[in-house]
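In: Give me a 3D structure for the following:
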Amino acid sequence: MSTEQIKERPGLTINLKPYQHNFIYSRRRHPAAVMGWGTGKTLCGIARARIYSKLIPNNLGVVFRKTAKSLSDSTLRDFERYTRLKVDSQRNLVEKNGSVTMFRHIDEIGDINQQNINLGWYMIEQGEELETDKEFFMLFGRLRRPLEPTPEFTKLGLPVRSGWVIANASDGWMRPLWKLGKLESVSRELFGDDPDYRDMAELIEATTFDNEDNLPKDFINSLKLLEHTKPEIYKRFVLNDWDIASDRFVLVTREQLDLLKIVTHDYFRSKRVVSIDPSEGGDACVILGMENNSIVKKKRIFVNDTMKIVGEALLVANEMNTRNFAGDAIGNGKGVFDRLSEMGNNVYPIKSSLESSDPERWFNLRSEIWGHFQDMVLRRELPPINDPDVEKQVLAIRYDPKAVNSRGRIKVVPKDETKKILGHSPDDADAYVYGLWALKQIEGDTENTNFREINSGRGTRHMMAGGAGGW
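Out: The predicted model follows:
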């Protein structure tokens, strides 16, 4: 078989792009494939692994992913799909020549050290998911397995032991080692012209467009939309730009919020809800009275007594003439919504840690709720935010670039990280988006109603009917 081709599985041969060939057959001990979406980097990593397992008897290698879930749902599934080989229940693949490929998540890396396991190769998939270079160098120190390569392997000129990483570009731990050349420069300083050691590392890069002819046209076209709506994602994950700082990954921008001011919304049916973010650990309990996606009443109280919170929420509800309540039902919030429900109110309790309706797009329910808010902003379906605290807080919400996939998946960063930016918890913003989420479910939901735009000299006017029956 030519090194310009690989057999993905029996009966199917893949013609390699130059960048794919360069990575799979890299003669460096520690190559990194840092490439955009749709470039086949996972396939490349697997193809290199198969060479080391098939052509070196009694080899032992490990494929690592950060979390158990991503290992099971993505890495193992891709490996079995590409190779048509079945990994056993212990997450091992045993070859006829005695080689073993293990699949592990990063929390299990300590077991490899404790058992003093010597490796012949390792692969880290989605290396940018890791916070530091600690795991890479822990595995680095395990590459000491005695091996006797076959003549076929020796002919390829690959290093007998190797560890490689596949990843998307990022501003994290991989940048100094490969993009800035630290691994390569240090090895040259230490080993001079010794051909066995001077070239320890190599970076192979590609953009999505380097593989454009193998990608669906509708996917390529969708990238144009991404370029204009989320340029930070487009630059990092399509153009493979390493210089996009992680703090650029804001959920919404000031400019996007300002565009809400040129849209007028007319509602033909009033929808109301009282949204509550109960206090925990000294944070404020925020109670918002919302009508048709606008905040009309607000209370901030510093109590964590369930009955007092219920009482204050009922006062707001009575003023607004509504029996709809929504909010965080985790921790102290559970008692609040249990009591409101017992009293015969309509409750929309939210457990934000639950799974989203589409895990490929939203990491969890909290991310989906914030994603709903982001969608409404981008589609200009919201009136301007008429509360300065809420506005300030929503502008501080970030999403995690390490969790982004080719569908633009959103994983909102934990509250503690937002607290560091603001100096306090984003309680007002949480109550606001919980209210928007509940209003979406209340009868007369605007997303299920007649909708039209009227262009005027002052901007765009959105006309919405409250019920599905028309105007």
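
In: how close does residue 177 get to residue 434?
Out: In this view, residue 177 and residue 434 are 42 Å apart by C-beta to C-beta, to the nearest Å. Quick note: C-beta positions are derived from backbone N, CA and C, even for glycine.

In: Number of residues surrounding residue 201?
Out: By other C-beta atoms under 10 Å, 21 other residues sit near residue 201.

In: what helix or strand is the closest residue to it other than its chain neighbours on?
Out: Once flanking residues are discounted, residue 201 sits nearest to residue 183: 3.6 Å by C-beta to C-beta, 6 or more residues apart in numbering. Applying DSSP states H and E as the criterion places residue 183 in helix 182-191.

In: In terms of secondary structure, what does that helix contact?
Out: For helix 182-191, the contact count by 3 or more C-beta pairs under 8 Å, 6 or more residues apart in numbering; DSSP states H and E identifies strand 201-206 as packing neighbours.

In: Quickly run through the sheet partners of the strand it packs on, with directions.
Out: Neighbouring strands of strand 201-206 in its sheet, by DSSP bridges, are strand 30-35 (parallel).

In: list the helices and strands whichever helix or strand comes after the partner strand packs on?
Out: Sequence order places helix 41-54 as the next helix or strand after strand 30-35, per DSSP H and E. Based on contacts counted as 3+ C-beta pairs under 8 Å, 6+ apart, the elements that helix 41-54 packs against are helix 18-24, strand 30-35, strand 60-65, helix 76-83, strand 100-105, strand 121-125, helix 151-156, strand 162-167.

In: Quick check: neighbours of the shortest one in the sheet, parallel or antiparallel?
Out: Based on DSSP bridges, the strands next to strand 121-125 in the sheet, each with its direction, are strand 60-65 (parallel), strand 162-167 (parallel).

In: what's the closest of those strands to residue 191?
Out: Across those, residue 191 has its closest neighbour in strand 162-167 (16.7 Å, C-beta to C-beta).

In: what residues does the next helix or strand after that closest one touch?
Out: Next helix or strand after strand 162-167 toward the C-terminus (DSSP H and E): helix 174. Residues outside helix 174 that contact it (C-beta atoms under 8 Å, 6 or more residues apart in numbering) are 32, 34, 127-128, 133, 165, 167.

In: In TSV: those, plus distance to residue 118 and pLDDT.
Out: Listed next are these as TSV, based on distance: C-beta to C-beta, whole Å; pLDDT from 0 to 100:
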residue	distance to residue 118	pLDDT
32	23	97
34	28	98
127	22	94
128	27	93
133	21	93
165	20	97
167	25	96
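
In: Mind putting these into a markdown table with distance to residue 245?
Out: Conversion of those to a markdown table gives the following (distance: C-beta to C-beta, whole Å):
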| residue | distance to residue 245 |
| --- | --- |
| 32 | 20 |
| 34 | 17 |
| 127 | 18 |
| 128 | 13 |
| 133 | 19 |
| 165 | 21 |
| 167 | 17 |
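
In: Retrieve the pLDDT associated with the nearest residue to residue 152 once chain neighbours are set aside.
Out: Leaving aside its chain neighbours, residue 152 sits nearest to residue 55 (5.4 Å; criterion: C-beta to C-beta, 6+ apart). We have a pLDDT of 97 for residue 55.

In: returning to that earlier point: switch the strands paired with strand 121-125 over to CSV; also include mean neighbour count and distance to residue 17.
Out: As requested, the strands paired with strand 121-125 are exported to CSV (neighbours: other C-beta atoms under 10 Å; distance: least, C-beta to C-beta, whole Å):
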stretch, mean neighbour count, distance to residue 17
strand 60-65, 24, 22
strand 162-167, 25, 15
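
In: Adding distance to residue 376, write the ones you listed out as TSV.
Out: Shown next, in TSV, are the strands paired with strand 121-125 (distance: least, C-beta to C-beta, whole Å):
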stretch	distance to residue 376
strand 60-65	34
strand 162-167	33
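
In: can you tell which of those strands is closest to residue 247?
Out: Evaluated over those, closeness to residue 247 peaks at strand 162-167, with 19.5 Å, by C-beta to C-beta.

In: hey, which helix or strand in the chain has the poorest pLDDT?
Out: None of the helices or strands of the chain scores lower by mean pLDDT, DSSP states H and E than strand 451-456, at a mean of 31.

In: quick revisit: figure out which of the strands paired with strand 121-125 is closest to residue 378.
Out: Nearest of the strands paired with strand 121-125 (C-beta to C-beta): strand 162-167, 28.2 Å.

In: what's in contact with stretch 65-81?
Out: 42-43, 46, 63, 85-87, 91, 103-107, 124-126, 129-130.

In: among those, which ones are buried?
Out: Those of the contacts of stretch 65-81 that meet the buried threshold are 42-43, 46, 63, 87, 91, 103-106, 124-126, 129-130, by 16 or more other C-beta atoms under 10 Å.

In: Please name whichever of the residues you listed scores lowest on pLDDT.
Out: residue 106 (85).

In: how far away is that one from residue 298?
Out: Going from residue 106 to residue 298 by C-beta to C-beta gives 43 Å.
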